[in-house]
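Student: Provide a 3D model corresponding to the input given below.
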Amino acid sequence: MPRRIYILDTSAVIAGFVPGLADVEQVTVQEVLDEARDLCSKLELETAVVAGKVAVAEPSRSAMAEVSKKVGQTGDRISETDAKLLALALDLRQAGDEPKLVTDDYSIQNLARLFGISYRRVAMPGISEVLTWEMVCPACGRVYRATISQCEACGSSLVRRPRR
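Tutor: Numbers count the residues shown, from 1 in each chain. From the prediction side, this is the model:
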């Protein structure tokens, strides 16, 4: 029988999710512990880890590469921590587990849907649709799918917008 596992994001703990209390296994990455800056969130996470209620794991390189590839396709902007959480979910699913990301981060939710990974929100409403992004030049109107920052035609700084 597959294990049910919550993968904890910093935004979930900050929004009020109490690590270690849910009746499922919980895991996170070291970077989430490092990101928890407010004292309450940091103490809750560290206490749950020390008590053995939340495990800290590192995703595989192959799962990280898969996330990186998808981010390149969608144009989403995520942190290294976010990428590791998504990659960890991919690894757990590959192992036959039922991972669920606990996050209020819209970019993570967007990518999770594209990967077919379930998520649980805490305080914020979840995403209503999956988005892909493109870069557009506000000066000359050229559109780029790559995540470059400057227009190759006129040199203006590009802005990100949802792809139509």
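
Student: Which segments of this protein make up each domain?
Tutor: The chain is divided into the following domains under automatic domain parsing: 4-120, 132-164.

Student: so after whatever helix or strand residue 109 lives in, what's the next helix or strand?
Tutor: Applying DSSP states H and E as the criterion places residue 109 in helix 106-115. Using DSSP H and E, the next helix or strand after helix 106-115 towards the C-terminus is strand 118-120.

Student: What are the contacting residues of that following strand?
Tutor: Residues outside strand 118-120 that contact it (Cβ atoms under 8 Å, 6 or more residues apart in numbering): 6, 12, 98-103, 108-109, 112-113, 126. For glycine as for every other residue, the C-beta is placed from the backbone atoms N, C-alpha and C.

Student: The same query, at a cut-off of 7 Å, please.
Tutor: 100, 101, 102, 103, 109, 112 (Cβ atoms under 7 Å, 6 or more residues apart in numbering).

Student: now swap in stretch 8-20 and tell me
Tutor: 26, 28, 32, 35-36, 38, 41, 44-45, 48, 51, 53-54, 85, 101-105, 108, 122-124.

Student: Show the buried residues in those residues.
Tutor: The neighbour-count test (16 or more other Cβ atoms under 10 Å) applied to those identifies 26, 28, 32, 35-36, 41, 44-45, 48, 54, 85, 101-105, 108 as buried.

Student: What's the end-to-end length of stretch 53-61?
Tutor: Its first and final residues considered, stretch 53-61 spans 26 Å by Cα to Cα, to the nearest Å.

Student: quick one: average pLDDT of it?
Tutor: Average pLDDT, stretch 53-61: 96.

Student: With stretch 74-91 instead?
Tutor: Rounded mean pLDDT across stretch 74-91 is 92.

Student: Tell me how far the closest residue to residue 149 other than its chain neighbours lies from residue 74.
Tutor: Spatial nearest neighbour of residue 149, chain neighbours left out: residue 158 (5.8 Å); criterion: Cβ to Cβ, 6 or more residues apart in numbering. Noted for residue 158: a distance of 16 Å to residue 74, by Cβ to Cβ, to the nearest Å.
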